[in-house]
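Novice: Just to be clear, the model below is a prediction. Sequence and coordinates:
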Amino acid sequence: MMALRVFFTASVIGALLSCAKAENWPGWRGPRGDGTSLEKNVPVHWSTTSNVLWKIELPGSGHASPILWEDRVFIVTALSDTQDRVLLCLDRKNGETLWQKTVLTAPLEGKHRLNTFASSTPVTDGEMVYVAFLDKKEMLVAAYDFKGEQKWVVHPGSFASMHGFCSSPVLFKDKVILNGDHDGDGYIVALDRETGQTLWKTPRPNHTRSYCAPVIRELGGRTQMVLTGSKCVASYDPNNGKLHWIIDGPTEQFVASPVYSEKTGLIYITGGFPEHHILAIKPDGQGNVTKTHVAWHSMKGAAYVPSPIISGDYFLIVSDQGMGNCFDSSSGKILWQERFGDHHASLVSANGLVYFLSDDGVTRVVKPGAEFHLEAQNELGETCFASPAISNGQIFIRGDKHLFCFGGK
């Protein structure tokens with residue numbers, strides 16, 4: 001009896017510890033906005049017949065990532081036939097649709113052939129879900145509760161781009177923050193979570209489109225929101241939208257989100273068009289720091305669309321054309337390069353491994369290090385542009401037609 005009690009107690013403690021490490025994936029690039037998961041039990045191997053917990057067909061199309069909060073999965077899609085932009089809530093256990101709400105019905109905007117009409121990943125705080133679409137010539141942002149009831153809808157600013165729309169909202173304190181860089185009077189705007197009221201709206205320079213979500217961190221004794229786009233890299237105070245510092249260029253347009261390394265204390269950005277650059281930036285400046293705060297700079301291995309990732313001492317990135325690169329994050333030295341397929345999904349990590357999802361649905365699981373080491377190669381058999389989501393020991397991948405949930409049985 002004593003042995004059984006000890007075994008039972010140990011099992012309960014183990015289960016509690018496992019649960020304590022589980023994370024929600026509440027928005028673009030996860031709980032920290034940088035693609036990282038702290039979980040250790042995420043699957044490494046899968047296929048269409050192994051480690052697949054469920055697979056459901058999604059209505060319409062979109063490149064937005066799924067987001068996870070406990071037993072709910074939220075995802076947006078566009079129904080071209082009816083011109084509806086839709087928010088779906090799914091049961092995490094089996095993918096069953098719990099509810100489906102039409103957020104917007106409006107003419108479909110012009111866009112790049114690789115964009116969709118539902119590319120902005122929603123975000124949730126566990127009580128509300130916030131979504132963003134383009135309503136003709138204006139950005140539309142709406143809030144829904146977990147029962148599918150719309151709480152508010154606002155149009156915080158104009159938006160025009162020949163490439164279409166994609167602005168994934170991020171949360172900070174009582175605010176929903178969105179990037180409004182476009183081919184006009186660009187802005188970054190903070191809305192009140194409860195009402196949608198504009199709390200602050202900061203003009204952006206250079207009148208140039210970008211599709212980057214900012215990353216927010218405590219850096220140099222102050223809260224910084226770092227955003228690339230509109231021919232610059234800039235840091236703002238997310239409390240009030242005031243500028244901390246700015247770097248000119250290094251190129252015109254950006255899509256990938258920044259990442260931060262606690263080990264080096266540097267912010268890393270990649271872009272873009274027409275030139276491709278990687279910058280490692282010291283975030284302790286004030287004003288224009290173009291000539292003083294770039295720790296290292298590379299024009300090799302840069303990405304335009306896929307966001308990079310930091311893993312320990314390494315900065316990993318994949319170009320749109322499929323060249324995977326691992327840099328020493330301190331020096332910028334390229335440690336290895338490896339040819340993958342074309343990529344548009346951003347990198348994610350868990351288990352000390354980095355997951356590269358290519359456009360043809362192949363996920364290469366790589367162990368970061370000074371030499372290239374491929375842990376697994378998993379084929380889905382479906383085109384994939386959306387970035388994966390990781391939560392509670394499962395990985396969720398949106399394909400062209402289906403949403404897949406992979407995990408241990």
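Specialist: Structure's in. What do you need?
Novice: any low-confidence regions in the stretch 301-409 of the chain?
Specialist: The stretch 301-409 of the chain contains residues with pLDDT under 70 at 409.
Novice: let's see it at 90
Specialist: 408-409 (pLDDT under 90).
Novice: Which stretches in it count as strands?
Specialist: 309-311, 314-318, 323-328, 334-339, 348-350, 353-357, 362-366, 374-379, 389-391, 394-398, 402-407 (DSSP state E, counting those that start in this stretch).
Novice: Report all helices and strands that the last one contacts.
Specialist: To tie it back to what came earlier, the one meant is strand 402-407. When contacts are defined as 3 or more C-beta pairs under 8 Å, 6 or more residues apart in numbering; DSSP states H and E, strand 402-407 packs onto strand 52-57, strand 394-398. To be clear about C-beta, it is placed using only N, CA and C from the backbone, and glycine gets the same treatment.
Novice: wait, which of the ones you listed is closest to residue 85?
Specialist: strand 394-398 (15.9 Å; C-beta to C-beta).
Novice: contact partners of that closest one?
Specialist: Strand 394-398 is contacted from outside by 25, 42-43, 46, 53, 58, 62-66, 68, 73, 75, 348, 350, 355, 357, 363, 380, 384, 386, 388-390, 403-407, using C-beta atoms under 8 Å, 6 or more residues apart in numbering.
Novice: Pairing partners for that strand, with directions?
Specialist: strand 389-391 (antiparallel), strand 402-407 (antiparallel) (DSSP bridges).
Novice: Report the helix or strand with the lowest average pLDDT across the protein.
Specialist: helix 2-21 (a mean of 40; mean pLDDT, DSSP states H and E).
Novice: Roughly how far does the closest residue to residue 135 other than its chain neighbours sit from residue 296?
Specialist: Distance criterion C-beta to C-beta, 6 or more residues apart in numbering; nearest residue to residue 135, sequence neighbours excluded, is residue 106 at 5.1 Å. Using C-beta to C-beta, to the nearest Å, residue 106 is found at 45 Å from residue 296.
Novice: So for those two, which sits in the more crowded spot?
Specialist: residue 296 (19 against 16; other C-beta atoms under 10 Å).
Novice: in which helix or strand would I find the more buried one?
Specialist: For residue 296, the host element (DSSP states H and E) is strand 294-298.
Novice: got the CA coordinates for that strand in PDB?
Specialist: Extracted in PDB, the C-alpha atoms of strand 294-298 (Å, rounded to 0.1, in the frame of the first residue of the first chain):
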ATOM      1  CA  VAL A 294      24.200  48.400 -35.000                       C
ATOM      2  CA  ALA A 295      26.200  45.500 -33.400                       C
ATOM      3  CA  TRP A 296      26.500  43.500 -36.600                       C
ATOM      4  CA  HIS A 297      25.000  43.600 -40.100                       C
ATOM      5  CA  SER A 298      24.700  40.900 -42.800                       C
END
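Novice: Run through the neighbouring helices and strands of that strand.
Specialist: Counting by 3+ C-beta pairs under 8 Å, 6+ apart, strand 294-298 packs on strand 277-281.
Novice: picking up where we left off before, tell me which strands the strand holding residue 296 pairs with, and in which orientation.
Specialist: Using DSSP bridges, strand 294-298 pairs in its sheet with strand 277-281 (antiparallel).
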